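Engineer: Build me a structure from this.
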Amino acid sequence: MLKGQIAIITGASRGIGKEIAVKLAEQGMKISIVGSSAQISETAEELKQIGFQNVLPIQADVSKEEDMQQVVKKTIEEFGQVDLLINNAGVGFFKLTEEVTVEEWKKVFEVNVQGVFLATKAVLPHMKERKSGTIITISSDVGKYTIPNGAAYTSTKYAVQGFSGSVAQEVREYGIRVGTINPGMVDTYFADSTQGLPEKHDWLKVSDIANAVVYMASAPKYMLIDEIVLHPLVQQYPIA
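Structural biologist: Numbering: from 1, shown residues only. Next up, the predicted model:
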């Protein structure tokens, strides 16, 4: 169902974003992968070496409007259209509220919230014109409950949930679907961690999140999957 379609994936240099790129390429999609550093070109080469040739690397800052407008423009120039946007880029840190600096607060909002807004804003006119498209944001389970030492990060995920829900209602008449995937603990590089640590053995894997993306994106055009929440069995998930 996804074969031949075009996707943009932000935060795709490594971790969850890179795995999403692999899974979508396996489905036969052509992909633009977006990263904030030159590492995104290395990731593109890795993907091409394992057989995925329709990969366009774009170095861009998701918090800058001009950058995200250029991402959409370059993707359309290269592949002709955009069918799927994956808002995956994100940063996080965890500390007591009084220890959070204004600069840290701004940074996490610029990437996690403003980045989602700008990428979505950039792609919507094209999707509206085509009366088709899917936008999926990789959010977090803490967009649905709170945790200590996570005031900044949690606030961004609550914002993303509200943003996605509102946009979904705005664009459904154009045949555009908007949803979120809200993982719990994932074995990745998040918050300056290391992927593959022994203590993360029973956590979700990046492939679990990527498979959820494929499932959501592959739903029939008449179906909107508003959100997917998934956790490792070992995580104590507070039910509100």
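Engineer: What is the end-to-end distance of stretch 99-116?
Structural biologist: 26 Å (Cα to Cα, to the nearest Å).
Engineer: Kindly apply the preceding question to stretch 89-102 instead.
Structural biologist: 21 Å.
Engineer: chain center to that stretch, what's the gap?
Structural biologist: Remark: stretch 89-102 is offset 20 Å from the chain centroid, using Cα atoms, centre = their mean, to the nearest Å.
Engineer: who's in contact with stretch 94-110?
Structural biologist: Contacting residues not belonging to stretch 94-110 are listed as 63, 91-93, 149-153, 155-156, 159, 191 [Cβ atoms under 8 Å, 6 or more residues apart in numbering]. Any C-beta I mention is one placed from the backbone N, CA and C, and that applies to glycine too.
Engineer: Pipe those into a markdown table and attach neighbour count per row.
Structural biologist: Listed next are the contacts of stretch 94-110 as a markdown table, based on neighbours: other Cβ atoms under 10 Å:
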| residue | neighbour count |
| --- | --- |
| 63 | 20 |
| 91 | 20 |
| 92 | 19 |
| 93 | 16 |
| 149 | 14 |
| 150 | 18 |
| 151 | 16 |
| 152 | 22 |
| 153 | 24 |
| 155 | 18 |
| 156 | 27 |
| 159 | 18 |
| 191 | 11 |
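Engineer: Farthest pair within the residues you listed?
Structural biologist: 63 and 149 (23.7 Å; Cβ to Cβ).
Engineer: sorry, back to before: quick one: which of the contacts of stretch 94-110 is nearest to residue 85?
Structural biologist: Using Cβ to Cβ, those come closest to residue 85 at residue 63, 16.1 Å.
Engineer: Now do the closest one against residue 213, distance only.
Structural biologist: To residue 213, residue 63 is 22 Å away according to Cβ to Cβ, to the nearest Å.
Engineer: Which positions within stretch 53-65 qualify as buried?
Structural biologist: Residues of stretch 53-65 classed as buried: 54-58, 60-63 (neighbour count, 16 or more other Cβ atoms under 10 Å).
Engineer: Just put those in TSV and tack on secondary structure and distance to residue 84.
Structural biologist: Below are those laid out as TSV (DSSP: H, G, I helix; E, B strand; the rest coil; distance: Cβ to Cβ, whole Å):
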residue	secondary structure	distance to residue 84
54	coil	14
55	strand	14
56	strand	14
57	strand	17
58	strand	15
60	coil	17
61	coil	21
62	coil	16
63	coil	21
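Engineer: where's residue 235, which helix or strand?
Structural biologist: According to DSSP states H and E, residue 235 maps onto no helix or strand at all.
Engineer: Roughly how far does it sit from residue 145?
Structural biologist: 12 Å.
Engineer: next one: residue 131
Structural biologist: In this structure, residue 131 and residue 145 are 36 Å apart, going by Cβ to Cβ.
Engineer: What ranges does the protein have for its strands?
Structural biologist: Remark: strands assigned in the chain by DSSP state E are 6-10, 30-35, 55-59, 84-87, 133-138, 176-183, 227-230.
Engineer: For residue 93, give me the pLDDT.
Structural biologist: On pLDDT, residue 93 comes in at 89.
Engineer: Could you shift the numbering so residue one becomes 123, and keep it that way?
Structural biologist: Sure, I'll start numbering at 123, so the last one becomes residue 215.
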